[in-house]
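Student: Predicted coordinates and the sequence they were generated for:
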Amino acid sequence: MSRRMTVAIAMQPEVATLALTETLVARLEESAAVQPHVITDFTDPATRERLVNVDVLLTGWGCPLVDRDVLDAAPRLRAIVHAAGSVKHHLTPEVWKREILVSSAVSANAFPVAQYTVSAILLAGKRAFRLADAYSRGHYKNKLADDTGNHERVVGVVGASRTGRLVLELLAPHGFHLLVSDPTLDARAAVELLPAGQVQLVELDELLRRSDVVSLHAPALPETHHLLDDRRLALLRDGAVLINTARGQLIDTEALLRHCATGRIDAVLDVTDPEPLPVGHPLLALPNVTVTPHVAGAMGTEIRRLGEFAVAEIERLAAGQPLHGRVHGDQLALLA
């Protein structure tokens, strides 16, 4: 009879409480033996002793760095399943060198980000953020304004990531003209995103010139740092709305401040650079800029979706089935 896998959980305890309900833990225990202690420090002597028997690490937000020393202490480790998005911040390349399987719940986390983004796009098209600010200062709406509404508006999506693709899919029924820009896409791949004719692949500068709303979904890489600099922000048409639920470093903050301060463009920012913005930062005071504190991704009850995905991955692993969220080492350079 083959030995059952042993799973250790490594994340912030409060995250574990949200991601792994009693029902999910009970389900996990049907496929594996689950160590009762949540790991927050791999250097703890008691933790090092337990790592010797671990086959699978179930990680999440707050997981300490998994480096060579940790891997040396876990000789039986065969898989790391991350109940969150990016694995770049807690896994070192040594993990892949040792041919340890890696899986991420990034696709599960993409859904709430896409929901937030689509909501922001629809509200931005109605000028809801700007009008709410004006209302608070005694000015009522002008529903005849020709820059308000979503009918046949042009939405440009920058980055065909999981979230970017999902945003396009969710926007498709709303009657928008959809553009996408991504250097990793060719014309054939763009057509596969949506049924023929629903999305057009264009260069980034063209997307910025044509779009009423621009939504960013690119990863933070050296080549995407300040992807939207002063020159590119100047390409946005008057009245355009810029939405960022990806990474703050994609936008030159000082340049954005200059363009928004004139009232020429609006912005909805769930991520910023720096993050968080310091108290009193001028972006926070502009009536045409809405800043939320990095809430687009899974929060509260939504974190359970990440746990559900991770448990399902471990069940697949126990059954000898392919992992749905597998992350290959050669993908690291392109991950957020």
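Tutor: Now that the structure is in, tell me what you want to look at.
Student: Show me where this protein has its strands.
Tutor: 5-10, 32-39, 56-59, 79-82, 101-104, 154-158, 177-181, 199-201, 213-216, 241-244, 266-269, 289-291 (DSSP state E).
Student: Serialize these to JSON lines and add fields for distance to Ala255, mean pLDDT and mean neighbour count.
Tutor: All C-beta atoms are positioned from the backbone trio N, CA, C, and that covers glycine. Below are these laid out as JSON lines (distance: least, Cβ to Cβ, whole Å; pLDDT from 0 to 100; neighbours: other Cβ atoms under 10 Å):
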{"stretch": "strand 5-10", "distance to Ala255": "39", "mean pLDDT": "98", "mean neighbour count": "23"}
{"stretch": "strand 32-39", "distance to Ala255": "42", "mean pLDDT": "96", "mean neighbour count": "17"}
{"stretch": "strand 56-59", "distance to Ala255": "36", "mean pLDDT": "98", "mean neighbour count": "28"}
{"stretch": "strand 79-82", "distance to Ala255": "34", "mean pLDDT": "98", "mean neighbour count": "25"}
{"stretch": "strand 101-104", "distance to Ala255": "32", "mean pLDDT": "98", "mean neighbour count": "24"}
{"stretch": "strand 154-158", "distance to Ala255": "16", "mean pLDDT": "98", "mean neighbour count": "26"}
{"stretch": "strand 177-181", "distance to Ala255": "19", "mean pLDDT": "97", "mean neighbour count": "22"}
{"stretch": "strand 199-201", "distance to Ala255": "26", "mean pLDDT": "94", "mean neighbour count": "21"}
{"stretch": "strand 213-216", "distance to Ala255": "14", "mean pLDDT": "98", "mean neighbour count": "27"}
{"stretch": "strand 241-244", "distance to Ala255": "11", "mean pLDDT": "98", "mean neighbour count": "26"}
{"stretch": "strand 266-269", "distance to Ala255": "12", "mean pLDDT": "98", "mean neighbour count": "24"}
{"stretch": "strand 289-291", "distance to Ala255": "13", "mean pLDDT": "97", "mean neighbour count": "21"}
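Student: I'd like the ones you listed laid out as CSV, including distance to Leu71.
Tutor: Putting the strands of the chain into CSV (distance: least, Cβ to Cβ, whole Å) gives the following:
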stretch, distance to Leu71
strand 5-10, 13
strand 32-39, 14
strand 56-59, 10
strand 79-82, 10
strand 101-104, 12
strand 154-158, 36
strand 177-181, 39
strand 199-201, 41
strand 213-216, 35
strand 241-244, 36
strand 266-269, 38
strand 289-291, 40
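Student: Quick one, which of these gets closest to Leu250.
Tutor: strand 213-216 (5.3 Å; Cβ to Cβ).
Student: Roughly how far does the closest residue to Thr92 other than its chain neighbours sit from Ile100?
Tutor: With Cβ to Cβ, 6 or more residues apart in numbering as the criterion, Thr92 has its nearest non-adjacent residue at 4.9 Å, and that residue is Asp67. Between Asp67 and Ile100 the distance is 13 Å, computed by Cβ to Cβ, to the nearest Å.
Student: higher neighbour count, those two?
Tutor: Using other Cβ atoms under 10 Å as the criterion, Asp67 and Ile100 rank with Ile100 on top: 19 against 15.
Student: Show the contacting residues for the more buried one.
Tutor: Residues near Ile100 by Cβ atoms under 8 Å, 6 or more residues apart in numbering: 71, 77-80.
Student: Farthest pair within these?
Tutor: Leu71 and Ala79 (12.5 Å).
Student: Domains in the chain, by residue range?
Tutor: What automatic domain parsing lists as the domains of the chain is 5-104+300-334, 110-291.
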